[in-house]
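**Q** What shape does this take:
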Amino acid sequence: MGIEIERKFLVTGDGWRDAAHAVLPMAQGYINAVGAMDRGEQKASVRVRIQGDEAFLNLKSRELGHTRQEFDYPIPVEDARALLALCVGGVIDKRRHLVVHGGRLWEVDEFLGDNAGLVVAELELDRADAPFERPAWIGREVTDAARYYNLALASRPYARWNAAERGDGLA
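**A** Now for the predicted structure:
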């Protein structure tokens, strides 16, 4: 069983762009809807992702916060395309920029389509209290704000957020 320990932050400015050493186009969708998770009817999200020329089926436990169970399995890209057509909510399109800062790999997700304008950075850690150097372009932490989870963005994209939700990141 895999455990993911991840912190998520809003990104301020473009200082990260010049430091990015790779960019991966991604399309992902969810077999289950955020409503089923919120009602407690399901205990894991089921995601299909195409990342460049690879594809994955991913299951992630529903805990809010930085630590969750995660299972990730490679699948054929053609199977992933067929599964994306079965997804509920919208398909999330984004570009993942890989940036090394302070000896750690940051994944900066620049969202497209209905989530355009949203940029978040994620950092995976080996333990929840692991120290890390914060880049100047990192803003407010949103690890515990469920609406920034990709499952939530597929159901209620950034384009539908009100000014308060966009303004402080936590409304």
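
**Q** any idea of the mean pLDDT in the lengthiest helix in the chain?
**A** As far as residue count goes, and with DSSP state H defining each element, the longest helix of the chain is helix 77-84. Helix 77-84 carries an average pLDDT of 96.

**Q** Give the buried residues for the lowest-mean-pLDDT helix or strand in the chain.
**A** When the helices and strands of the chain are scored by mean pLDDT, DSSP states H and E, helix 34-38 comes last with a mean of 72. Residues of helix 34-38 classed as buried under the neighbour-count rule (16 or more other Cβ atoms under 10 Å) are Val34, Met37. (Glycine included, C-beta is placed from N, CA and C.)

**Q** before we move on, back to that, now the helix or strand following the longest helix of the chain - C-alpha only, CSV.
**A** Per DSSP states H and E, helix 77-84 leads on to strand 88-101 as the next helix or strand towards the C-terminus. Taking only C-alpha atoms (Å, rounded to 0.1, in the frame of the first residue of the first chain), the coordinates of strand 88-101 have been written out as CSV:
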residue,chain,number,x,y,z
VAL,A,88,-18.3,12.3,-14.3
GLY,A,89,-17.8,16.0,-14.1
GLY,A,90,-15.3,17.6,-16.4
VAL,A,91,-11.9,16.4,-17.6
ILE,A,92,-9.2,18.4,-16.1
ASP,A,93,-6.5,19.7,-18.5
LYS,A,94,-3.3,21.1,-17.1
ARG,A,95,0.4,21.4,-17.6
ARG,A,96,2.6,20.1,-14.8
HIS,A,97,5.9,22.0,-14.5
LEU,A,98,8.6,20.2,-12.6
VAL,A,99,10.8,22.6,-10.5
VAL,A,100,13.6,21.7,-8.2
HIS,A,101,14.0,24.1,-5.3
